[in-house]
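Student: my questions concern the predicted model and sequence given below.
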Amino acid sequence: MKIIGRLKQYYTKVMDIPDAPIKIARGAALGVAMDFLPIPLISIPIAYLAARLAGGNGVAAALTAAFFKWAVPFFYVLNVATGSLVLGFDEFDKMEKVMKMDGFTPSDWLNYLTRLGYPFLAGAAINSFLTGLMLFFIVRRILILRQKRKGII
């Protein structure tokens, strides 16, 4: 199945959940926010539990966390870029120069990767919060408009 078909399928599943729009939006926002954090496989059950604790819909959280697993590598790169921008981390230029030099060892690579830890975590916190907040308002608005169109409200 193509990505557009899967997107429509998940969209329909989330939008057809019988619950209040604010709860579904809260769950969906928490689900996608968890994919920015460095908890790769367990983010689906954690998203479910976090949504339930926050008064959101756990199914919506689990569905969005599961759907956006394909984008996690992009999210992680965005986390490093955002954190580097916020923290003023400029090791990327140095790393490119070092990689082109002879004698670049795996320990050099590991050294540079460990330096990315703080920018990654800072970027993860920022991106997770902003994306979750944005998705919350978008999903809530779409659900309210959908209910008005169907005559539920």
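Tutor: Perfect, I can see it now.

Student: secondary structure class for Pro18?
Tutor: Following DSSP: H, G, I helix; E, B strand; the rest coil, the label given to Pro18 is coil.

Student: within its local environment, how many residues does it see?
Tutor: Number of residues near Pro18 (other CB atoms under 10 Å) recorded here: 6. From N, CA and C alone the C-beta is placed, and that goes for glycine too.

Student: tell me the pLDDT of it.
Tutor: Here the pLDDT value assigned to Pro18 is 82.

Student: what does Asp90 give?
Tutor: Reported pLDDT for Asp90: 70.

Student: the closest residue to it other than its chain neighbours and Asp35: what is the separation?
Tutor: Distances taken as CB to CB, 6 or more residues apart in numbering place Ser84 nearest to Asp90, at 7.5 Å, with adjacent residues excluded. According to CB to CB, to the nearest Å, Ser84 and Asp35 sit 20 Å apart.

Student: chain center to the host helix or strand of Gln147: distance?
Tutor: According to DSSP states H and E, Gln147 maps onto helix 117-150. Computed by CA atoms, centre = their mean, to the nearest Å, the chain-centroid distance of helix 117-150 equals 9 Å.

Student: name the helices or strands packed onto that helix?
Tutor: Helix 117-150 makes packing contacts with helix 3-15, helix 21-34, helix 72-87 when contacts are defined by 3 or more CB pairs under 8 Å, 6 or more residues apart in numbering; DSSP states H and E.

Student: right, so of these, which gets closest to Ile142?
Tutor: helix 3-15 (7.2 Å; CB to CB).

Student: give me the mean pLDDT for the closest one.
Tutor: 78.

Student: give the other helices and strands that it contacts.
Tutor: helix 21-34, helix 58-67, helix 117-150.

Student: winner for burial among those?
Tutor: helix 21-34 (a mean of 26; mean count of other CB atoms under 10 Å).

Student: can you name the next helix or strand after that one?
Tutor: Past helix 21-34, the next helix or strand by DSSP H and E is helix 43-53.
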